[in-house]
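J.: Just a sequence and a predicted model for now, questions to come.
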Amino acid sequence: MSVLRAQATIDLAAVRANVAELGSRTSAAVMAVVKADAYGHGLLPVARAAVEGGATWLGTALLSEGLALRAAGITEPRVLSWLLDPADEWARAVGADIDVSVSAPWALAAAVAGACEAGRSARVHLKVDCGLGRAGCMPDRWEELVAAALAAQSDGAVAVVGLWSHLAYADDPHHPTTDSQLDVFRQAVKVAEAAGVTPEVRHLANSAATLTRPDTHFDLVRPGLAVYGLSPVPEIATPAGLGLRPVMTLAARLALVKRVPAGQGVSYFHRYTTERETTLALVPLGYADGVPRHATNAGPVLAAGKRRTVAGAVCMDQFVLDIGDDAAAAGDEVLLFGPGDDGEPGAQDWAVACGTVSYEIVTRIGPRVPRVVRDLPVRTP
Ligand SMILES: *Cc1c(COP(=O)(O)O)cnc(C)c1O
């Protein structure tokens, strides 16, 4: 396969298969989380493939992301956008049939105002903070928020269609915090239902909980990372071990290959020095493209048939590999990460090398790297 200077190939068959795999593990409906440009994979192709794989819901953080789905003609799945602020266009959300999250009285008022302006009721998911300490209504204010929402519902301004929350430690399946969060969530659901809420969906589980904690599934699961074929529990299982296939392959063409003598300092500040005469290969990707500067002397790359390690500092547009006496030429393809079919590293290997999570590796691949959609049948091992 010939590649551009650099490209991220996006395997849509893998998206479909991953969503189908997640759906096969639960009786709950599946919301594919496609925030942040589908974790850097490209919003619209991924959203369509996720729906083809069986997702009946799509989730985004920003309203603009939800609106982009509707504007592209993705009208069938339900869409929930959960990170709106008071200045957001709540009426547009209602008009575009996008469900919104409500964690506080001001958000309920914004939903009501948006509904009035749009001339239809707003579909709201009331969010309780069951222990993450991020979005959501604190449990001591929950009854009050539920009562206000029910009053707005009886006026026809809103429909309370969801009750939801989010986990703090799902990537550690046996963490006691998950059990205590589950207790708080169940109690909040009980309180809301006793007050008269009849939710379409109660939902709590992200990817890790979808894969490891069936007791968190309720009516709807919200996987993000697993849709992209990456393991949300890397200490416990690889993507393959979870029946998932990584969706993104990041490749580049070498921009220069040259022989250098022993003792050659490499890249800014000479943070790498050649030990003997050797061949250096220049990869035209840098931190402006989302290759972390923390990958300096650490990031793994498949080049000239072997795994190499970034030599010296990652620069804005480029970094260097020391390929010893192996043969390579300008224009040869190298792989930074992918599903591993050719022995290339995974996004998780980059995460470990850079002291981060695979979420950050894929989402930060920048707009200068074209996403090239590939839609082939899933490889069977
Ligand atoms: C991002 C996000 C998800 C998906 O999380 P993953 O760990 O990627 O599965 C689910 N719910 C909420 C509220 C999120 O912000």
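T.: Looks like it arrived, so ask away.

J.: switch to C-alpha atoms for all contacts and neighbour counts from now on
T.: Fine.

J.: Just the pLDDT for whatever residue of the stretch 251-381 of the chain ends up closest to the ligand.
T.: Among the residues of the stretch 251-381 of the chain, Tyr359 lies nearest to the ligand; the distance is 7.3 Å by Cα to the nearest ligand atom. In this model, Tyr359 is scored at 98, pLDDT.

J.: Buried ones in the longest helix seen in the chain, by neighbour count?
T.: As assigned by DSSP state H, the longest helix anywhere in the chain is helix 176-195. Going by neighbour count (16 or more other Cα atoms under 10 Å), the buried part of helix 176-195 is Thr177, Thr178, Asp179, Gln181, Leu182, Val184, Phe185, Arg186, Ala188, Val189, Ala192.

J.: Tell me how far that helix lies from the chain's centre.
T.: 26 Å (Cα atoms, centre = their mean, to the nearest Å).

J.: who touches it?
T.: 128, 130-131, 139, 142-143, 146-147, 163-165, 167-170, 199, 202, 216 (Cα atoms under 8 Å, 6 or more residues apart in numbering).

J.: element containing the spatially most central residue of the chain, please.
T.: The residue lying closest to the centre of the chain (Cα atoms, centre = their mean) is Tyr39, at 3.8 Å. Using DSSP states H and E, Tyr39 sits within helix 35-40.

J.: one step back: run me through the strand neighbours of the helix or strand just after the longest helix of the chain, direction for each.
T.: Sequence order places strand 201-205 as the next helix or strand after helix 176-195, per DSSP H and E. Here strand 201-205 has these sheet partners by DSSP bridges: strand 158-164 (parallel), strand 220-221 (parallel).

J.: Just the terminal-to-terminal distance for stretch 284-293.
T.: One end of stretch 284-293 sits 14 Å from the other (Cα to Cα, to the nearest Å).

J.: Please enumerate residues in contact with it?
T.: 5-6, 252-255, 313-319, 354, 361, 364-369.

J.: Try it again at 7 Å.
T.: Outside stretch 284-293, the residues that touch it by Cα atoms under 7 Å, 6 or more residues apart in numbering are 5, 252, 254-255, 314-319, 364-366, 368-369.

J.: Of those, which belong to helices?
T.: Judged by DSSP H, the subset of those located in helices is empty.

J.: Only whichever of those residues are buried, select them in PyMOL.
T.: Here is the PyMOL command that selects the buried residues among these (16+ other Cα under 10 Å):
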select buried, resi 5+252+254+255+314+315+316+318+319+364+365+366+369
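
J.: Counting by contacts, list what the helix or strand hosting Asn18 packs against.
T.: Using DSSP H and E, Asn18 maps to helix 12-24. For helix 12-24, the packing partners by 3 or more Cα pairs under 7 Å, 6 or more residues apart in numbering; DSSP states H and E come out as helix 43-52.

J.: immediately after the helix it packs on, which helix or strand?
T.: strand 57-60.

J.: Direction included, what does that following strand pair against?
T.: strand 29-33 (parallel), strand 78-81 (parallel).

J.: Quickly check: the shortest one near the ligand or not.
T.: No - where contact is defined by Cα under 6 Å from any ligand atom, no part of strand 78-81 touches the ligand; the two come within 9.3 Å at best.

J.: And for that strand, what's in contact with it?
T.: Outside strand 78-81, the residues touching it (Cα under 7 Å, 6+ apart) are 56-63, 66, 98-101.

J.: Reformat the residues you listed as TSV; add distance to Thr296, pLDDT and neighbour count.
T.: Listed next are those as TSV, based on distance: Cα to Cα, whole Å; pLDDT from 0 to 100; neighbours: other Cα atoms under 10 Å:
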residue	distance to Thr296	pLDDT	neighbour count
Thr56	42	98	17
Trp57	40	99	21
Leu58	36	99	27
Gly59	35	98	26
Thr60	33	98	24
Ala61	32	98	18
Leu62	33	98	17
Leu63	36	98	25
Gly66	36	98	27
Ile98	43	98	26
Asp99	43	98	25
Val100	41	98	27
Ser101	40	98	25
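
J.: Reformat those residues as CSV; add distance to the ligand.
T.: Putting the contacts of strand 78-81 into CSV (distance: Cα to the nearest ligand atom, whole Å) gives the following:
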residue, distance to the ligand
Thr56, 15
Trp57, 12
Leu58, 10
Gly59, 8
Thr60, 8
Ala61, 6
Leu62, 10
Leu63, 13
Gly66, 14
Ile98, 15
Asp99, 13
Val100, 12
Ser101, 10
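
J.: Out of the residues you listed, flag the one nearest to Ala20.
T.: Closest approach between the contacts of strand 78-81 and Ala20, by Cα to Cα: Thr56, at 11.4 Å.

J.: Tell me who's in contact with the closest residue to the ligand within the stretch 1-150 of the chain.
T.: Residue nearest to the ligand within the stretch 1-150 of the chain (Cα to the nearest ligand atom): Val33, separated by 5.6 Å. Residues in contact with Val33 (Cα under 7 Å, 6+ apart) are Leu58, Gly59, Thr60, Arg222, Pro223, Gly224.

J.: one more time with 8 Å
T.: Counting by Cα under 8 Å, 6+ apart, Val33 has contacts Leu58, Gly59, Thr60, Arg222, Pro223, Gly224, Val227.
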